[in-house]
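> test case, fold it:
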Amino acid sequence: MLHPDRLFPADPDMRSIARRLYDSICDLPIVSPHGHTEAGWFAKNEPFPDPTQLLILPDHYLYRMLYSQGISMQDLGIRQTGSIDSRKIWRIFAEHYYLFRGTPTRIWLDYEFEMLFGLDQRLSAATADHYFDVIAEKLHQPEFLPRALYERFRIEVLATTDSPLDSLEDHRALRESGWKGRIIPTFRPDSVVDPAFHGFRQNIAKLGEQTGEDTTAWPGYLNALSKSRARFKALGATATDHGHPTANTANLSTAEAEKLFATVLSGNATAAQQELFRAQMLTEMARMSVDDGLVMQLHPGSFRNHNQKVFELFGRDSGADIPTATDYVHVLKPLLDLFGNEPSFTFILFTLDESAYSRELAPLAGHYPCLRLGPPWWFHDSPEGMLRFREMATETAGFYNTVGFNDDTRAFLSIPARHDVARRSDCAFLARLVAEHRLNEDEAFELAQDLTVNLVRKAYRL
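Residues are numbered from 1 along each chain as shown. Predicted structure coming up:
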């Protein structure tokens, strides 16, 4: 199923250049600085249960598409309590595999099926049981245990994404186990900085209990967050991550911030006050990053849980998130006025609004020393999305104000597939520049390595 020249240009001269570039980087290690895998997989190192629970249930890319074609979440076993019929769910998925034609999901899955499991017939209703049996059998072999797969994938470092309320016991157990794999946490404070987050006030109270701080008062709340960040850093964290609906920032006085904090903690804040609080907390997180050196990531612009019925039945993050238009120039100015020129601060911006690449993000990153552009994310994590990003961002920000690639995935087995797509897409873009005599070939080889490993190591301080 996998053609060796997949994703390379159709023009034979450019294809030849892309192939040579790719051959120089294809075996480099994977640096995965941002994702949503679970440290517990590697701490416990137990077999993954079965193909459905490994590949379908955690992956909203899959069940989102199936749901859009009228297949119920219940039939797919999403967030179901009790036992599920994994083979039945797998058959539904296989019968509808054609829905993924032309999508990046299809590229990733075909890679996993062939490269990891040796399956070279297309998945369909006719091959569903064969696929299920082969994968299920292999998952219980020693070479398919989580740690063995980590090593097989040539992963250099893998970052998880964790709440400040997480005990991080699995990360601690990994550090004490003697295993050489490097799994590090990432500080994701949404649950304690977003007043719209379910259980916000209870989460604030728990944060106070964990840190021994009075989180009913603004100074104690900030101290608690600072202590929590230090706990993450002690276990290897190099970055924070923030999933706000907008990129809004604010610079309130201490008195104004204390008053706003009391309002949101009372549960009586308006939507505008909640947004102002999130904006102020991005500035506070930047202030802490200047102090403790943690790289700051912002993932804004998603209208999360858009389908109210799905949210009520299945909870958060059930595949109903929709991109929105996002302003960066105006709303980041309060934060950048304070910290935009700090040499010790790194702030990585992501977007779901591609129209912002050339208009806002590339010019900002092409000027402010603290700013770097994250790779195409989520809905744009595709060969086309990667090429659009390079075309629109490079003319102003260049390559060296970007941070390489990160996979941002819950689907562990897709990590090498996603990085392979990114490497091939970057080589295709570089090959065009060489063929058009805009870049010398020796520079393209240097850039291919930089885009694969060097930029991400530097940006994330790895």
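
> now do the worst-scoring helix or strand of the chain on mean pLDDT: everything it contacts.
In the chain, no helix or strand scores lower on mean pLDDT, DSSP states H and E than helix 308-314, which sits at a mean of 84. Outside of helix 308-314, the residues within contact range by Cβ atoms under 8 Å, 6 or more residues apart in numbering are 67, 73, 78-79, 305, 318-320. In this view, the C-beta of every residue, glycine as well, is placed from N, C-alpha and C.

> contacts only, for the spatially most central residue of the chain.
By Cα atoms, centre = their mean, the chain has its centre lying nearest to residue 408, at 2.1 Å. Residues counted as contacts of residue 408 (Cβ under 8 Å, 6+ apart) are 34-36, 377-378, 381.

> for those, which one is nearest residue 84?
Nearest to residue 84 among those: residue 36, at 21.5 Å, using Cβ to Cβ.

> ok, back up a step: which of the contacts of residue 408 ranks first by neighbour count?
residue 34 (28 neighbours; other Cβ atoms under 10 Å).

> could you find the closest non-adjacent residue to it?
The shortest distance from residue 34 to any non-neighbouring residue, by Cβ to Cβ, 6 or more residues apart in numbering, is to residue 406 (4.3 Å).

> my guess is the one you found contacts residue 36. True?
No: between residue 406 and residue 36 there is no contact under Cβ atoms under 8 Å: 11.0 Å.

> one step back: and the gap between the residue nearest to the centre of the chain and residue 111?
17 Å (Cβ to Cβ, to the nearest Å).

> over to residue 383?
13 Å.

> with neighbour numbers in mind, choose between these two.
residue 111 (20 against 17).

> and the strand or helix carrying the more buried one, what's its mean pLDDT?
Assigned by DSSP states H and E, residue 111 falls within helix 104-111. For helix 104-111, mean pLDDT rounds to 96.

> what's that helix in contact with?
1-2, 6-7, 55, 61-62, 65, 100, 123, 381-383, 411, 414, 416-418, 420-421.

> hmm, 10 Å instead?
Applying Cβ atoms under 10 Å, 6 or more residues apart in numbering, the contact partners of helix 104-111 are 1-2, 6-7, 55, 59, 61-62, 64-65, 93, 97-100, 103, 119-120, 122-123, 379-386, 407, 409, 411, 413-418, 420-421, 424.

> what sits against residue 359?
328-329, 353, 392, 396.

> same check on residue 276?
Contacts of residue 276 by Cβ under 10 Å, 6+ apart are 195, 248, 250, 252, 256-257, 260, 263-264, 269-270.

> ok, residue 333 next?
249, 251, 340, 364.

> out of these, the closest to residue 156 would be?
residue 364 (29.5 Å).

> residues near the closest one, how many?
Neighbours of residue 364 using other Cβ under 10 Å come to 24.

> now swap in residue 398 and tell me
12.

> how near is residue 411 to residue 57?
Distance from residue 411 to residue 57, by Cβ to Cβ: 10 Å.

> I should have written residue 112 there, sorry.
The value you get for residue 112 to residue 57, if Cβ to Cβ is used, is 15 Å.

> one more: residue 244?
Residue 244 is 27 Å from residue 57, by Cβ to Cβ.

> go on, residue 332?
Counting by Cβ to Cβ, the gap from residue 332 to residue 57 is 37 Å.

> tell me which of these two has more neighbours.
The neighbour comparison of residue 332 against residue 57 (other Cβ under 10 Å) goes to residue 332, with 24 against 21.

> now do the contacts for the more buried one.
Contacts of residue 332 (Cβ under 10 Å, 6+ apart): 247-249, 282-283, 286, 298, 340, 347, 349, 360, 364, 368, 371.

> show me which of the residues you listed are buried.
247-249, 282-283, 286, 298, 340, 347, 349, 360, 364, 368, 371 (16 or more other Cβ atoms under 10 Å).

> now, which of these sits nearest residue 202?
residue 282 (22.5 Å).

> look up the closest residue to that closest one, ignoring the ones flanking it.
residue 249 (4.8 Å).

> kindly report the same for residue 325.
Nearest one to residue 325, counting by Cβ to Cβ, 6+ apart, is residue 353 at 5.3 Å.

> can you check residue 132 too?
residue 90 (4.9 Å).

> over to residue 382?
residue 104 is the one closest to residue 382 (Cβ to Cβ, 6+ apart), at 4.1 Å.

> what do you get for residue 226?
Spatial nearest neighbour of residue 226, excluding adjacent residues (Cβ to Cβ, 6+ apart): residue 288 at 5.8 Å.

> phi, psi of the one you found?
phi -70, psi -40 (degrees, to the nearest 10).

> repeat that for residue 307.
phi -80, psi 100.

> quick one, what contacts it?
Taking Cβ under 10 Å, 6+ apart as the test, what residue 307 contacts is 67, 313-314, 318-322.

> tell me which two in these are the farthest apart.
Longest span within the contacts of residue 307, Cβ to Cβ: 313 and 322, 18.0 Å.

> before we move on, the earlier item: overlap of the contact sets of residue 406 and residue 36?
Common contacts of residue 406 and residue 36 (Cβ under 10 Å, 6+ apart): residue 159.

> for the stretch 151-300 of the chain, give me the ranges with low pLDDT.
Within the stretch 151-300 of the chain, no range satisfies pLDDT under 70.

> show me the strands in the stretch 301-450 of the chain, by range?
Under the criterion DSSP state E, counting those that start in this stretch, strands of the stretch 301-450 of the chain are mapped to 302-303, 322-323, 347-349, 371-373.

> any chance of the ones you listed in CSV, plus distance to residue 146?
Formatted as CSV, those follow (distance: least, Cβ to Cβ, whole Å):
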stretch, distance to residue 146
strand 302-303, 29
strand 322-323, 32
strand 347-349, 27
strand 371-373, 30
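
> residue 213: which of those is closest?
That would be strand 347-349 among the strands of the stretch 301-450 of the chain, by Cβ to Cβ, at 26.0 Å.

> got the contact list for the closest one?
By Cβ under 10 Å, 6+ apart, strand 347-349 touches 33-34, 239, 241, 247, 282, 285-286, 289, 295-300, 326, 328, 332, 335-336, 339-340, 356, 360-361, 364-365, 368-375, 402-403, 406, 459-460.

> partners of that strand, with directions?
Note on strand 347-349: by DSSP bridges, its sheet partners are strand 295-298 (parallel), strand 371-373 (parallel).

> so which of the ones you listed is the most surrounded?
Sort the strands paired with strand 347-349 by mean neighbour count, taking mean count of other Cβ atoms under 10 Å, and strand 295-298 sits at the top with a mean of 25.

> which SSE is the residue in the chain sticking out farthest from the centre in?
Relative to the C-alpha centroid of the chain, counting by Cα atoms, centre = their mean, residue 255 is the outermost residue, at 35.6 Å. Take DSSP H and E as the rule and residue 255 turns out to sit in helix 254-266.

> which strands and helices lie in contact with that helix?
helix 200-211, helix 218-234, helix 271-292 (3 or more Cβ pairs under 10 Å, 6 or more residues apart in numbering; DSSP states H and E).

> identify the residues contacting the shortest one?
Helix 200-211 is contacted by residues 163-167, 189-195, 197, 199, 213-217, 220-221, 223-228, 230-231, 261, 264-267, 269, 274 when judged by Cβ under 10 Å, 6+ apart.
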